[in-house]
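A.B. asks: the following block contains a protein sequence and its predicted model.
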Amino acid sequence: MVHFIDLEGYFQMKKRSQFLQNYSHPFYKNSILLVFGYAIMALLGFLYWTFAARIYSPEQVGTASTLISLVSIITNFSVLGFNISLIGYISKSQKKQNAVTTAILLSSLVAFLLTILFLSLSSFFPFLSFLMGIGIWNTIGIIIASVAGTIFLINEALFISSRKSASVVLRNSLWSLFKIFALFLLLAFGFWGIFFSWYLSLVLVLIPSLFFSGISLKWVFNFDSIKKILSFSLWNHLSNLFLLLPGLLFPAIILSFLAPASAAYFYIPWMIASLLFLIPQSLGKIFLTEQTHSPGEFHFYKVLKFNYSLLLLGLIPLLFLSKWILSLFGADYAIEGFLPLLILLLSSLFFSYISLFSSELNVKGEAKTVALISFGLFFLSLFFTFLFIKYGLLGISFSWLFANIIISFYLFFKTFSRSFTSHGTVTLSKR
């Protein structure tokens, strides 16, 4: 009897030891750390937008969130996919110094040119009438915001590729804290106070982050250093644009067809739901990093299982607390944004599968297929949005949900109709 108890205890200890050994792997440690960091940033983001909603008018919040979204579109256009390709390239490249500085300089140039083009054409769009006659300093501020936002994305890739998720957490947390502080300092500037609190804080944390990213920035432009990853970068560039554009365009569409206040009522639920969207996106980046360090060690279904474990930990509390969370921003936000938030939260179940499926394809070097998947999600979400815009914020929320359901079910059934590598194991081919 005593021997049986000892034997049972031995197996329990062995199982516990194996569990701890598995979850001490850099994939799990960096994934949990990155997701935890994004959760902190989101919580601080809730505080930020709560204060913004209470000390600024809904019209000012709606206008500022639209401008922030449009600048985000520019930064995501300008990054040229280097925020993904560099993750899998830096750890293996002998020319990583030149590759990083070339990627930063090239992306910054694109951001500068696109911002000038955007400001020049803004007078042709009625919903951008607030940009008319903004003055030279606000113009320069928007240009700096676009360039800094682009470099900010590449800087994060440098940290992740070096397995320094803790640095990402620290950087983003400081940015979030500085944003809140600046929100009050710039109150007198109206919606510009919201916009510049966002980007001045970003610049403030970006400068030291560049020097702690593990790369010696010797500002050399050498196009040959990025030739090897340019095709992979550009396909991922298209993929990221198609993936991000629906969420970035929604405020602008709402501003055009509904009202400025409605843009604010939608932006807050979208921001909350985006916290869950970040889970599969974070795991996908860590997955790509680990496959460059230890090819073939992790497979898609293992990552997918871990993703849904983390996702449910966030989804269930948010579903129950959604109305209370929205009420922190004001009574109108709780009324107008409650049902859209529930719909957007549920969409994370389907978005997760799409995001991680795309990450697996990236690991296999099939970036072109990833771009096609993202285009499908982009096209369907906008198609349903214009189809259901007459139903207001609910119509837009359901449009995003329906698009994710269709694409995820297509990919799910495609998985069973066409076999992947044995047992789901992936390798770094075509890299």
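C.D. replies: Yep, that arrived. Numbering: from 1, shown residues only.
A.B. asks: next one: Leu33 relative to Ala371, how far apart?
C.D. replies: 29 Å (CB to CB, to the nearest Å). Backbone N, C-alpha and C define where each C-beta goes, glycine included.
A.B. asks: the nearest residue in space to Val61 that is not next to it in sequence and Leu43, how far apart?
C.D. replies: Of all residues beyond its chain neighbours, the one nearest Val61 is Ala264 (4.3 Å), with distances taken as CB to CB, 6 or more residues apart in numbering. Look at Ala264 and Leu43: by CB to CB, they are 20 Å apart.
A.B. asks: hmm, back to that, neighbour count winner among Leu33 and Ala371?
C.D. replies: Taking other CB atoms under 10 Å, Leu33 and Ala371 do not tie; Ala371 has more neighbours (23 against 19).
A.B. asks: confidence score at that one?
C.D. replies: With respect to pLDDT, Ala371 scores 88.
A.B. asks: check Gln18 too.
C.D. replies: Predicted confidence (pLDDT) for Gln18: 48.
A.B. asks: do the same with Phe221
C.D. replies: On the pLDDT scale, Phe221 gets 64.
A.B. asks: and what of Phe184?
C.D. replies: pLDDT at Phe184 comes out at 90.
A.B. asks: what's the answer for Phe152, then?
C.D. replies: 88.
A.B. asks: look up how far Phe51 lies from it.
C.D. replies: With CB to CB as the criterion, Phe152 and Phe51 are 22 Å apart.
A.B. asks: where does the stretch 301-431 of the chain dip in pLDDT?
C.D. replies: Within the stretch 301-431 of the chain, the stretches with pLDDT under 70 are 416-431.
A.B. asks: before we move on, back to that, now do the strand or helix carrying the residue nearest to Val61, average pLDDT.
C.D. replies: Using DSSP states H and E, Ala264 falls within helix 260-293. The average pLDDT within helix 260-293 is 81.
A.B. asks: what packs against it?
C.D. replies: helix 26-55, helix 58-78, helix 82-89, helix 136-161, helix 227-257, helix 300-327, helix 331-363, helix 392-417 (3 or more CB pairs under 8 Å, 6 or more residues apart in numbering; DSSP states H and E).
A.B. asks: from what I see, Phe398 and Thr385 are in contact.
C.D. replies: No: between Phe398 and Thr385 there is no contact under CB atoms under 8 Å: 9.3 Å.
A.B. asks: in terms of packing, which of these two has more residues around it?
C.D. replies: Thr385 (23 against 20).
A.B. asks: ok, that one - contacts?
C.D. replies: Residues in contact with Thr385 (CB atoms under 8 Å, 6 or more residues apart in numbering) are 246, 250, 253, 395-396, 399-400.
A.B. asks: swap in Thr115?
C.D. replies: 71, 74, 142-143, 146-147.
A.B. asks: just give the closest residue to it, not the sequence neighbours.
C.D. replies: Ser146 (4.3 Å).
A.B. asks: picking that back up, what's the angle between the helix holding Ala264 and helix 331-363?
C.D. replies: For helix 260-293 against helix 331-363, the angle by axes from the mean of the first three to the mean of the last three CA atoms, to 10 degrees is 30 degrees.
A.B. asks: returning to that earlier point: what number of residues lie near the residue nearest to Thr115?
C.D. replies: 28.
A.B. asks: please apply the same query to Thr66.
C.D. replies: 27.
A.B. asks: surely it touches Leu258?
C.D. replies: No: with contacts counted by CB under 8 Å, Thr66 stays clear of Leu258, the gap being 12.0 Å.
A.B. asks: got the contact list for Leu241?
C.D. replies: 76-77, 374.
A.B. asks: what's the answer for Ile194, then?
C.D. replies: 52, 56, 60-61, 64-65, 68, 183, 186.
A.B. asks: skipping adjacent residues, who's closest to Ser347 in space?
C.D. replies: Leu401 (4.4 Å).
A.B. asks: list the contacts for the one you found?
C.D. replies: So Leu401 contacts 343-344, 346-347, 350 (CB under 8 Å, 6+ apart).
A.B. asks: next: Leu346.
C.D. replies: Per CB under 8 Å, 6+ apart, neighbours of Leu346: Leu401.
A.B. asks: from Phe398, how far out is it?
C.D. replies: Leu346 is 10 Å from Phe398, by CB to CB.
A.B. asks: also Ala273?
C.D. replies: 13 Å.
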